[in-house]
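Engineer: Fold the following, please.
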Amino acid sequence: MSWREVTEADLAWVQPFLRAHVQSSMFFLSNLNEHGIDGTADRAMRIWALDDGRKGLFALSNGGMILMQAPDATKEDWLATRAFWAERELIGCLGDGAQVAAFFEATGMGDRPMSLNEDEPGYRLGLAQLKMPDCNGFSMVPLGEDYRALAVKWRTAYHGEVLGTPAHKCAEVAAQDIAKYVEKDSHRILLRDGVPVAKTGFNATLPDTVQIGGVYTPPELRGQGLARRAVALHLQEARDKGATRAILFAANEAAARAYESIGFERNGTFSLMMFLANDEAGT
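Structural biologist: Prediction:
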């Protein structure tokens with residue numbers, strides 16, 4: 001076996017190692033910081049480390065998500081992880097694009113039916129270099145009770161359009177998402193002259209770094225620069241609170257252009273796969 005289970009004593013090197021690869025480790029770090037090792041929440045994880053002096057980590061959340069940060073892992077290493085997940089119900093896999101591809105090739109995981117299979121370009125920005133667009137007439141407000149119903153509607157559309165969630169589950173999952181966002185105060189609504197026009201948020205945070213996610217503009221309002229204004233204003237807020245860096249992954253070319261316009265630069269590739277449940281896959 002090329003892996004051993006991580007203990008509290010390992011955190012002295014685990015966290016710096018993940019921070020050295022922060023572009024593709026934000027979910028890993030955020031889950032670890034919020035829930036520690038062997039917690040009971042869905043996003044709490046069991047973590048294994050390569051046991052021969054190489055630095056590498058493999059994790060499985062209670063909810064069934066596989067996470068990884070193991071740039072030196074071999075085919076044999078990836079195959080050995082089957083002992084951790086072969087008997088578990090899995091919902092997906094995420095991590096650095098090259099690592100996820102190697103893991104899938106070694107294990108045959110890529111043969112599973114999926115609702116989402118995305119390789120997205122990564123972007124990063126030092127917030128001192130944030131380029132603010134003209135935001136005259138625009139303002140940001142927390143995603144609170146006043147906007148919950150609208151946010152659920154937008155998030156429902158996002159699940160179907162971007163995440164590939166089965167149609168019969170979109171509304172239910174969206175409502176759960178928005179409840180978490182309201183509780184964590186992680187998302188914002190962009191107002192234009194007092195009217196809500198877009199949504200943005202941070203889907204993972206560290207004291208000095210934020211990861212942008214869930215950016216959404218309704219179809220009838222696209223092409224007006226709303227997403228970049230929403231993201232820029234939220235980043236300005238984060239910078240004022242002490243954050244110094246932002247990362248994100250662009251879902252399409254239009255999104256990439258919006259992010260580049262406010263200073264983001266290309267950095268790496270991120271993979272996110274979501275598996276179909278057995279009943280949805282017809283098995």
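
Engineer: So, low pLDDT: which residues of the stretch 1-150 of the chain?
Structural biologist: For the stretch 1-150 of the chain, the stretches with pLDDT under 70 are 1.

Engineer: quick one, helices of it?
Structural biologist: 11-20, 26-35, 75-80, 82-85, 97-107, 148-158 (DSSP state H, counting those that start in this stretch).

Engineer: Kindly reformat the ones you listed as CSV containing distance to residue 177 and mean neighbour count.
Structural biologist: Where you see a C-beta, it was placed from the backbone N, CA and C, and this is true even at glycine. Shown next, in CSV, are the helices of the stretch 1-150 of the chain (distance: least, C-beta to C-beta, whole Å; neighbours: other C-beta atoms under 10 Å):
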stretch, distance to residue 177, mean neighbour count
helix 11-20, 25, 14
helix 26-35, 15, 20
helix 75-80, 31, 16
helix 82-85, 24, 14
helix 97-107, 23, 19
helix 148-158, 5, 18
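
Engineer: between these, which gets nearest to residue 230?
Structural biologist: helix 148-158 (11.8 Å; C-beta to C-beta).

Engineer: Quick one: name whatever helix or strand follows that closest one.
Structural biologist: Next in sequence after helix 148-158, counting helices and strands by DSSP states H and E, comes helix 167-184.

Engineer: re earlier: now the helices of the stretch 1-150 of the chain as JSON lines including distance to residue 268?
Structural biologist: Shown next, in JSON lines, are those (distance: least, C-beta to C-beta, whole Å):
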{"stretch": "helix 11-20", "distance to residue 268": "13"}
{"stretch": "helix 26-35", "distance to residue 268": "12"}
{"stretch": "helix 75-80", "distance to residue 268": "19"}
{"stretch": "helix 82-85", "distance to residue 268": "25"}
{"stretch": "helix 97-107", "distance to residue 268": "7"}
{"stretch": "helix 148-158", "distance to residue 268": "23"}
